[in-house]
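Student: this one's structure only:
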Ligand SMILES: [Zn+2]
């Protein structure tokens, strides 16, 4: 089964670039910059990955300190993006939406355009060499305030249709509720961005409703708190909103205590458009096949249901109908 899950064509919709940097590259670049001393790779991995017994979201977020130190130069951003696409193509991922928060990469002098264009260059090269398709989602950080979000929406507009497909809102949900960023997301909606919002990851179900109704969310990141209220599940379904679920990450951050309480089976059986994703490949030490394996081992998902999840991801992708059909055709042909 492991091999089968490795081989099947896959789609990834929720993948943070800073959480998915190749470990060897991170080590090499941190060493080069004098940020770390030489050490065994095993020891380094403990600094940049969580274990499955990760204690809290705080412990999880601490791991992002290292990738962000090196993701401040054009050539590194390009290389990291390119390598991510290489790694994903080896796992037969056909399409990925890569997300990052531009301002987190502007701390040492890069401009917004330099950050975005470096990632787009890495994507172009990755597609050329590995045939993997990708697009970018620009993240607005909740704590940065609405003015920053508006700037992202305005500055990112020129890349719409050229690799950028959407905006996202991420970060501390409890202290910075969705409505703070309403003006920016209204603008994004008017400019034709697709919209996804991290909501209901840490138990606040009303953030899901606000994201759909006030921020025009087409997709919800995580969304696990919807399980608390049948009306919210109905809303998600009625509005045709897709949910980007990331099981292993949610287990590690303690958004859920055990996999048995993970609501994906309920969502799936109620007919919500559920997709499965990694969140952070390096930090979570995961992969799409590992996520699928967990669903099969612990939550009784069959291989056919895994195929349905992959088809759901095509449906939820920020692509045109024509592009979705092309992707579907590639996948169906490969699965025979
Ligand atoms: Zn996320």
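Tutor: That came through, no problem. Because the structure is predicted, anything quoted here is derived from the model rather than measured. Numbers count the residues shown, from 1 in each chain.
Student: going forward, measure contacts and count neighbours with C-alpha atoms only.
Tutor: Fine.
Student: name the SS class of the residue lying closest to residue 271 once chain neighbours are set aside, please.
Tutor: Nearest residue to residue 271, sequence neighbours excluded (Cα to Cα, 6 or more residues apart in numbering): residue 237, at 7.2 Å. Using DSSP: H, G, I helix; E, B strand; the rest coil, the three-state assignment for residue 237 comes out as helix.
Student: burial of residue 237, as a residue count?
Tutor: Here the number of neighbours of residue 237 (other Cα atoms under 10 Å) works out to 17.
Student: let the chain start at 30 from now.
Tutor: Understood, numbering begins at 30; the last thing we discussed is residue 266.
Student: quick one, what contacts it?
Tutor: By Cα atoms under 8 Å, 6 or more residues apart in numbering, the contact set of residue 266 is 300, 301, 302.
Student: pretty sure residue 66 contacts residue 60?
Tutor: Yes: counting by Cα atoms under 8 Å, residue 66 sits close enough to residue 60 to count as a contact (6.4 Å).
Student: looking at these two, which one has more neighbours?
Tutor: residue 60 (14 against 11).
Student: after the helix or strand harbouring the more buried one comes which helix or strand?
Tutor: For residue 60, the element it lies in under DSSP states H and E is helix 52-61. Following the chain from helix 52-61 toward its C-terminal end, the next helix or strand by DSSP H and E is helix 70-77.
Student: report the distance from that next one to the chain centre.
Tutor: Average the C-alpha atoms of helix 70-77, do the same for its chain, and the two points are 23 Å apart (Cα atoms, centre = their mean, to the nearest Å).
Student: report the angle between it and helix 52-61.
Tutor: In terms of direction (axes from the mean of the first three to the mean of the last three Cα atoms, to 10 degrees), helix 70-77 departs from helix 52-61 by 90 degrees.
Student: which ones are touching the nearest residue to residue 276 once chain neighbours are set aside?
Tutor: Sequence neighbours aside, residue 320 is the residue nearest to residue 276 in space, at 6.7 Å (criterion: Cα to Cα, 6+ apart). Taking Cα under 8 Å, 6+ apart as the definition of contact, the neighbours of residue 320 are 275, 276, 277, 305, 306, 307.
Student: shouldn't residue 320 be within a helix?
Tutor: Yes: in this structure, residue 320 lies within a helix as judged by three-state DSSP.
Student: what's the separation between it and residue 305?
Tutor: In this structure, residue 320 and residue 305 are 7 Å apart, going by Cα to Cα, to the nearest Å.
Student: overlap in contacts, the two.
Tutor: The overlap between the contact sets of residue 320 and residue 305 (Cα under 8 Å, 6+ apart) consists of 275, 276.
Student: where does residue 225 land on pLDDT?
Tutor: In this prediction, residue 225 carries a pLDDT score of 98.
Student: assign it to helix, strand or coil.
Tutor: Assigned by three-state DSSP, the conformation of residue 225 is strand.
Student: same deal with residue 195?
Tutor: Counting by three-state DSSP, the three-state call for residue 195 is strand.
Student: so it sits against residue 169, correct?
Tutor: No: contact status for residue 195 versus residue 169: not in contact, 10.7 Å apart, counting by Cα under 8 Å.
Student: ok so, going back, what packs against the helix holding residue 60?
Tutor: Where contact means 3 or more Cα pairs under 8 Å, 6 or more residues apart in numbering; DSSP states H and E, helix 52-61 is packed against helix 70-77, helix 94-99.
Student: buried sites along that helix?
Tutor: 52, 54, 55, 56, 58, 59 (16 or more other Cα atoms under 10 Å).
Student: stretch 104-118 now?
Tutor: By neighbour count, and taking 16+ other Cα under 10 Å as the criterion, the buried residues in stretch 104-118 are 105-115, 117-118.
Student: go on, stretch 321-338?
Tutor: Buried residues in stretch 321-338, counting neighbours by 16+ other Cα under 10 Å, are found at 321, 322, 323, 324, 325, 328, 335, 337, 338.
Student: what are the boundaries of the strands in the stretch 80-229 of the chain?
Tutor: Using DSSP state E, counting those that start in this stretch, the strands assigned to the stretch 80-229 of the chain run over residues 122-129, 162-170, 193-199, 223-228.
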